[in-house]
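1. A predicted structure for the sequence below; I have some questions about it.
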Amino acid sequence: PSLEEAASICNLSVSRFSTIFRRSIGISYGQFALHARLSKVAEELLYANYSLNELAERWGFFDASSLSHAFYKVFNCRPGAFKKQKFTFISK
């Protein structure tokens with residue numbers, strides 16, 4: 001869910017939800033959501049046969065390039081290398 005939806009589900013303002021989430025989890029809701037999306041991308045790289053463009057569209061990235069950039073920041077490798085090497089899901 002979006003930040004607004006998550007806050008609403010908890011009957012909190014976005015600001016209060018964000019503060020509580022960061023204090024509890026240690027990262028922002030946005031970072032958490034990005035990591036969750038990229039984990040699903042990594043899983044589909046290993047077990048499905050989607051192109052980077054298809055994965056970008058499925059998981060809400062602007063394009064394959066923005067997906068690749070975000071993936072590299074979290075997994076410290078490009079999606080193609082990840083798929084070839086079948087890396088474990090360890091992010092930095």
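-> Cool, the structure landed. Numbering: from 1, shown residues only.

2. number of nearby residues for residue 57?
-> When neighbours are defined as other CB atoms under 10 Å, residue 57 has 15 of them. C-betas here are computed from N, CA, C, even on glycine.

3. swap that for residue 56, sorry
-> The burial count for residue 56: 21, using other CB under 10 Å.

4. do residue 8 as well
-> Residue 8: 14 neighbours (other CB under 10 Å).

5. What is the helix or strand hosting it packed up against?
-> Per DSSP states H and E: residue 8 is located in helix 3-9. With contacts taken as 3 or more CB pairs under 8 Å, 6 or more residues apart in numbering; DSSP states H and E, helix 3-9 sits against helix 14-25, helix 29-47.

6. Compile those helices into JSON lines and extend it with columns for mean pLDDT and mean neighbour count.
-> JSON lines is the format used below for these (pLDDT from 0 to 100; neighbours: other CB atoms under 10 Å):
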{"stretch": "helix 14-25", "mean pLDDT": "97", "mean neighbour count": "13"}
{"stretch": "helix 29-47", "mean pLDDT": "94", "mean neighbour count": "16"}
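
7. Export those to a markdown table and append columns for distance to residue 81.
-> Below are the helices and strands packed on helix 3-9 laid out as a markdown table (distance: least, CB to CB, whole Å):
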| stretch | distance to residue 81 |
| --- | --- |
| helix 14-25 | 29 |
| helix 29-47 | 10 |
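
8. closest to residue 76 out of the ones you listed?
-> Smallest distance to residue 76 across the helices and strands packed on helix 3-9 (CB to CB): 11.9 Å, for helix 29-47.

9. heading toward the C-terminus, what's the first helix or strand past the closest one?
-> Next along from helix 29-47, by DSSP H and E: helix 52-58.

10. Tell me which residues are up against that next one.
-> 41, 44-45, 50, 61-64, 66-68, 79 (CB atoms under 8 Å, 6 or more residues apart in numbering).
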